[in-house]
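[1] My questions are about this predicted structure, shown below with the sequence.
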Amino acid sequence: MSRLRPARAARSAAILMMLAVAVAAPAAADSAPANLLVNPDFESPLEGHPWLPAGWDTSETNLPTVFFGRDTFLVRSGRYAVNIANTSTLFPLWNNWSQAVLVGPEAWGKDLVFSVWTRSNGLQGRAYILAQAYRDTIGKMAKSWRMDRDAAGKRLGINKVDDPLLDLGWQRLYFSDPETDWVRREARVFVPPSTNVIYLRSGLIGTGQVIFDDASLTLAPALPAPPAPPGVNLLADPGFEGDGNAWEYSMPPYEGLRVERDTTAAHSGGASVRCYGGLDGFFQARVGVCQPISNRNLAGKRLRLSAYVKTDSLKGSAFLRLYAHTSGHGMVQSLPGDPVSGTNDWKLASVELDIPPDAWEVWAWFAYNAPTPGMVRFDDCVLEVLGPAAAPKTAAKPAAKPGSGKKPAH
């Protein structure tokens, strides 16, 4: 019997190990973060619709040059993937697949991580994924009541011009490789208190085709906010020497409107950004470039925004503007700086703003209002901390309207 004891002990140890693995496996699975998206792999069809996937929507376009599809031609996993194809840039449009996710206090103070696998096919322009954290009362109730935005606004008694829509966190990842295999893209955004809707978008501005599959949205512990020391330029690619993907381009859908990186003129280096065209439009709209800085360390600081501006026969006025998005009193903006119009060689322009202590996001804008004849160039842009804010409430001018009454931005 004494000879059997070691074997019996070994068998007992093996059994205990298998039991431990069996118990640990569900615990490990349970610890994986939950995917907050509906139908993240696009496999489930929308009931009653011939091709839309459940849980997803597309941007509105009536152009015959834009195609949205859900098919089996190129997929990363499962049977289906979705795609966008566009053959014309006559009208600048951000074509995208989107999903809205309602959140509450369980998400506040955390990071939302949005990832999508993408594949580019003949891309000429920029594709992107975008995560937006909004305080959007009408959007929240429209989704809860399962009705469109206009109907929800009427039920709430909120007019379009009084819509309190405000983004508090924003990260867009652009990519412009013409041809790729499957690549995982990720956008990460901090969720400030009072956020109630997260908008996720995967899209295309330009021509070609982009395919999307296996999306994910999870909550994660918040990463530390980036430091914001005085005198350091907080803008990425401030001289437009890169591929332009660090910048948001603001272009209303006016025929022939262009915002583009240009190498024929620059204040320094080899490039600037050029804005022109789009001479017909129903209303005045902001055109130019901007960067959202989702950095809570900017709260309570005084910022200066500057750039060199060059104009050619500009009938309107080019301007710089800082906006701070806050939890307590909506959006505040810098006082107007000196506008630049007509024909001018490179001219330095700047504005300053005291950022309120409850600000979560700062937008740096370099723009003009279109439609209007003429051309504007911007170069050598700088956003820097000057020091502590002196008087946040008096230095910040309330913006006229915190929202537009339209769907959250593309």
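    Arrived safely.
[2] State the distance spanning the first to the last residue of stretch 82-98.
    11 Å (C-alpha to C-alpha, to the nearest Å).
[3] Report the buried residues of it.
    Neighbour-count burial for stretch 82-98 flags 82-86, 89, 91-98 (criterion: 16 or more other C-beta atoms under 10 Å). Any C-beta I mention is one placed from the backbone N, CA and C, and that applies to glycine too.
[4] Could you do stretch 270-286 as well?
    By 16+ other C-beta under 10 Å, the buried positions in stretch 270-286 come out as 271-278, 281, 285.
[5] quick revisit: tell me the one of the buried residues of stretch 82-98 nearest residue 347?
    Taking C-beta to C-beta as the measure, residue 347 lies nearest residue 92 of the buried residues of stretch 82-98, at 26.9 Å.
[6] The closest one against residue 253, yeah?
    Yes - with contact taken as C-beta atoms under 8 Å, residue 92 and residue 253 are classed as touching, separated by 6.0 Å.
[7] Which element, helix or strand, includes residue 274?
    Counting by DSSP states H and E, the secondary-structure element that holds residue 274 is strand 272-276.
[8] And for residue 139?
    With DSSP H and E as criterion, residue 139 is part of helix 137-145.
[9] Give the next helix or strand downstream of that helix.
    Defined by DSSP H and E, the subsequent element after helix 137-145 is helix 149-156.
[10] Give me the distance between that following helix and the centre of its chain.
    Computed by C-alpha atoms, centre = their mean, to the nearest Å, the chain-centroid distance of helix 149-156 equals 25 Å.
[11] now do stretch 82-97
    Counting by C-alpha atoms, centre = their mean, stretch 82-97 comes out at 17 Å from the chain centroid.
[12] picking up where we left off before, please identify the buried residues of the helix holding residue 139?
    Within helix 137-145, the residues scored as buried using 16+ other C-beta under 10 Å are 137-143.
[13] what's in contact with it?
    Around helix 137-145, the neighbours that count as contacts under C-beta atoms under 8 Å, 6 or more residues apart in numbering are 100, 102, 148-149, 151-153, 155-156, 158, 163-165, 196-197, 407-408.
[14] Surely residue 211 is in contact with residue 74?
    Yes - with contacts defined as C-beta under 8 Å, residue 211 counts as touching residue 74 at a distance of 5.3 Å.
[15] any shared contact partners between the two?
    Taking C-beta under 8 Å, 6+ apart as the contact criterion, the residues that touch both residue 211 and residue 74 are 81, 83, 119, 121.
[16] thought the second one was touching residue 204?
    No - between residue 83 and residue 204 no contact is recorded; they are 9.3 Å apart, counting by C-beta under 8 Å.
[17] Overlap of the contact sets of the two?
    Residues touching both residue 83 and residue 204 (C-beta under 8 Å, 6+ apart): residue 210.
[18] Kindly confirm my reading that residue 161 is in a helix.
    Yes - assessed with DSSP: H, G, I helix; E, B strand; the rest coil, residue 161 lies in a helix.
[19] separation between it and residue 284?
    Look at residue 161 and residue 284: by C-beta to C-beta, to the nearest Å, they are 15 Å apart.
[20] and if you look at residue 302?
    Taking C-beta to C-beta as the measure, residue 302 and residue 284 are separated by 30 Å.
[21] most surrounded residue in the shared contacts of residue 211 and residue 74?
    Looking at these with neighbours defined as other C-beta atoms under 10 Å, the largest count falls to residue 81 at 26 neighbours.
[22] Skip the chain neighbours and tell me the closest residue to it.
    Counting by C-beta to C-beta, 6 or more residues apart in numbering, residue 213 is the residue found nearest to residue 81 once chain neighbours are left out, at 3.9 Å.
[23] Next up, the contacts around that neighbour.
    Contact analysis of residue 213 by C-beta under 8 Å, 6+ apart lists 41-42, 75-78, 80-82, 116-117, 119, 182.
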